[in-house]
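Trainee: with the input below, show me the fold.
(2 chains)
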There are 2 protein chains.
Amino acid sequence: MKIEFEPIGIIRSPFADAEGMPIQPIGAVGVKGSIEVFERFCPGLDDLNGFSHIILLYHFHRSHQFNLHVVPFLDSKPRGLFSTRAPNRPNPIGLSVVQLDKIEDNVLYIRNIDILDGTPLLDIKPYVPEFDAQKEVRTGWFEKTGKKASSRKSDDRFK
Amino acid sequence: MKIEFEPIGIIRSPFADAEGMPIQPIGAVGVKGSIEVFERFCPGLDDLNGFSHIILLYHFHRSHQFNLHVVPFLDSKPRGLFSTRAPNRPNPIGLSVVQLDKIEDNVLYIRNIDILDGTPLLDIKPYVPEFDAQKEVRTGWFEKTGKKASSRKSDDRFK
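Mentor: Just a heads-up that it's a prediction; the model follows:
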């Protein structure tokens, strides 16, 4: 069973290559980018400017294969793929929560962006803490080794 | 440009129909369900049991069309589609953060589930507050009218 999607826009960022890119928005604080939403979808942007943060779902378009075990940027041991945020996945869908600064016509100006320039956008959802923020959370391997996400940069391992 | 995905598993829940289903995990506290991950992807589940919460991306498989303005369950006015979490979207990808109780072989036992029985699963990501939880958030129309998500149920408006 195949499921077909198509881009609703393109993400623009300062990162032409994965190498040296922040690995999560937490490492990209202040980094500015934008989203060009295709004209025919623009009416769907109404009311979005009331939200300070948005969830972007996008296609990891440079991902063409995957392994079910990977060494994450934040660890030195192989981990099960689904316990990581690595881009090479059976369905290479990326998820980032970014800050929305303003919307002008079909362009969203965003901040804290950890996404490659030219990435196809699949969906925008409003970030709502009541739905999306959890309390009393355990974060497995990440607790011991992953706290460095704010300073760690990407390299070419997931090319 | 078309992007093709295929399910990595199937989500099981008590909800055979959208009508009466909680509209977000916050309204589904304690509701138990499970995920059957297809055998060939199971090695990718290693290390996931250290995480208390996981992000599910799935296909809103009953969604076959969309409008760029919708009246959300939590409001009485039409809103821009991308400022809502409505299931009928250009790319009908659902996102829920659920509690992970345990993993046995290829089955994940989960809680706080607001997803239809039989929903095709696209991806599992670990929920990491450092990446996914935001502070100083504004939530637009939701602030005035949306606080009832914990008690509001779905109806058939998005059929």
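Trainee: now do the buried residues in stretch A:71-83.
Mentor: Neighbour-count burial for stretch A:71-83, counted by 16 or more other CB atoms under 10 Å in any protein chain shown, picks out A:P72, A:F73, A:L74, A:D75, A:R79, A:G80, A:L81, A:F82, A:S83. In short, each C-beta sits where N, CA and C put it, glycine included.
Trainee: repeat for stretch A:113-124
Mentor: If you call a residue buried by 16+ other CB under 10 Å, then stretch A:113-124 has these buried ones: A:I113, A:D114, A:I115, A:L116, A:T119, A:P120, A:L121, A:L122, A:D123, A:I124.
Trainee: max-length helix in chain A?
Mentor: In chain A, ranked by residue count with DSSP state H as the criterion, the top helix is helix A:140-145.
Trainee: what's the offset of that one from the middle of its chain?
Mentor: Mean-position distance between helix A:140-145 and its chain equals 20 Å (CA atoms, centre = their mean, to the nearest Å).
Trainee: for it, which positions count as buried?
Mentor: Of the residues in helix A:140-145, those buried under the neighbour-count criterion (16+ other CB under 10 Å) are A:G140, A:W141, A:F142.
Trainee: give me the subset of the buried residues of stretch A:113-124 touching chain B.
Mentor: Among the buried residues of stretch A:113-124, the residues that sit close to chain B (CB under 8 Å from any CB of the partner chain) are A:P120, A:L122, A:D123, A:I124.
Trainee: show me where chain A has its helices.
Mentor: Counting by DSSP H, chain A forms helices over residues A:129-132, A:140-145, given from the N-terminal end onward.
Trainee: sorry, back to before: same list (the ones next to chain B among the buried residues of stretch A:113-124) but as CSV, adding pLDDT.
Mentor: Rendered in CSV, the data for those read as follows (pLDDT from 0 to 100):
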residue, pLDDT
A:P120, 98
A:L122, 98
A:D123, 98
A:I124, 98
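Trainee: what's the most distant pair in these?
Mentor: Maximum pairwise distance in those, criterion CB to CB, is 12.8 Å, between A:P120 and A:I124.
Trainee: wait, doesn't A:D47 sit right on B:W141?
Mentor: Yes - in this structure A:D47 lies within contact range of B:W141 using CB atoms under 8 Å: 5.5 Å.
Trainee: shared neighbours, these two?
Mentor: Common neighbours of A:D47 and B:W141 are listed as B:R79, B:S83 (criterion: CB atoms under 8 Å, 6 or more residues apart in numbering or on different chains).
Trainee: what residues are up against the residue minimising distance to the centre of chain A?
Mentor: When CA atoms, centre = their mean is applied to chain A, the residue found nearest the centroid is A:S96 (3.1 Å). By CB under 8 Å, 6+ apart, the contact set of A:S96 is A:Q24, A:P25, A:I55, A:L56, A:Y58, A:I113, A:D114, A:I115.
Trainee: now, which of those residues sits nearest B:F51?
Mentor: Within the contacts of A:S96, distances to B:F51 taken as CB to CB reach their minimum at A:Q24, with 15.7 Å.
Trainee: and the helices of chain A, which one averages the lowest pLDDT?
Mentor: For those, mean pLDDT drops lowest on helix A:140-145, to a mean of 83.
Trainee: quick one: A:D117 from chain B, how far?
Mentor: According to CB to the nearest CB, to the nearest Å, A:D117 and chain B sit 17 Å apart.
Trainee: was I right about that residue contacting A:F15?
Mentor: Yes - here A:D117 reaches A:F15: they are 5.7 Å apart, a contact under CB under 8 Å.
Trainee: wait, A:F142 touches A:L74, no?
Mentor: Yes - taking contacts as CB under 8 Å, A:F142 lies within contact range of A:L74: 6.7 Å.
Trainee: which regions of chain A sit below the pLDDT cut-off?
Mentor: Along chain A, the model assigns pLDDT under 70 to residues A:25, A:146-152, A:157-159.
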